[in-house]
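S.K.: how would this look folded up:
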Amino acid sequence: MIVVLVAVIGFLGLVFARTSLDGSAFELADLQRSIAQQHALNQELQLEIARLENPARIAPLAEELGMVMPRSTNQILVDLTPVGPTVASADAKEKTQ
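M.R.: Just a heads-up that it's a prediction; the model follows:
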């Protein structure tokens, strides 16, 4: 009697485990399908970005808005060296004394 009860409980446990694994497998398949769809969408969007950034597409639109290419360019150089007094650190003051 006890052996039969253990066998039935074991069988029910195996059925429950199998059902749980099957559910997880279906969920995994759904997630993989979703990842594939998102990957395909990402590729489409990357192609759309490349198409929209194309200078051959932008130049005519800019001309329609009245923009023109400059005939000449002027280069402006900016001196980034500090102007004015610099603050000496405490270590530098001690070395000079």
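S.K.: what's the burial count for residue 82?
M.R.: By other CB atoms under 10 Å, 7 other residues sit near residue 82. C-beta coordinates here come from the backbone N, C-alpha and C atoms, glycine included.
S.K.: Quick one: mean pLDDT over stretch 38-47.
M.R.: Across stretch 38-47, the average pLDDT comes to 97.
S.K.: Relative to the whole chain's centre, how far out is that stretch?
M.R.: 13 Å (CA atoms, centre = their mean, to the nearest Å).
S.K.: Now that stretch - C-alpha only, CSV.
M.R.: Backbone C-alpha positions of stretch 38-47 (Å, rounded to 0.1, in the frame of the first residue of the first chain) are rendered in CSV as follows:
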residue,chain,number,x,y,z
GLN,A,38,12.7,43.3,-32.2
HIS,A,39,16.0,42.6,-34.0
ALA,A,40,14.3,42.8,-37.4
LEU,A,41,12.7,46.1,-36.3
ASN,A,42,16.0,47.4,-35.2
GLN,A,43,17.6,46.6,-38.5
GLU,A,44,14.7,48.4,-40.4
LEU,A,45,15.1,51.4,-38.2
GLN,A,46,18.9,51.5,-38.8
LEU,A,47,18.3,51.4,-42.5
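S.K.: can you list contacts of that stretch?
M.R.: Outside stretch 38-47, no residue is within contact range by CB atoms under 8 Å, 6 or more residues apart in numbering.
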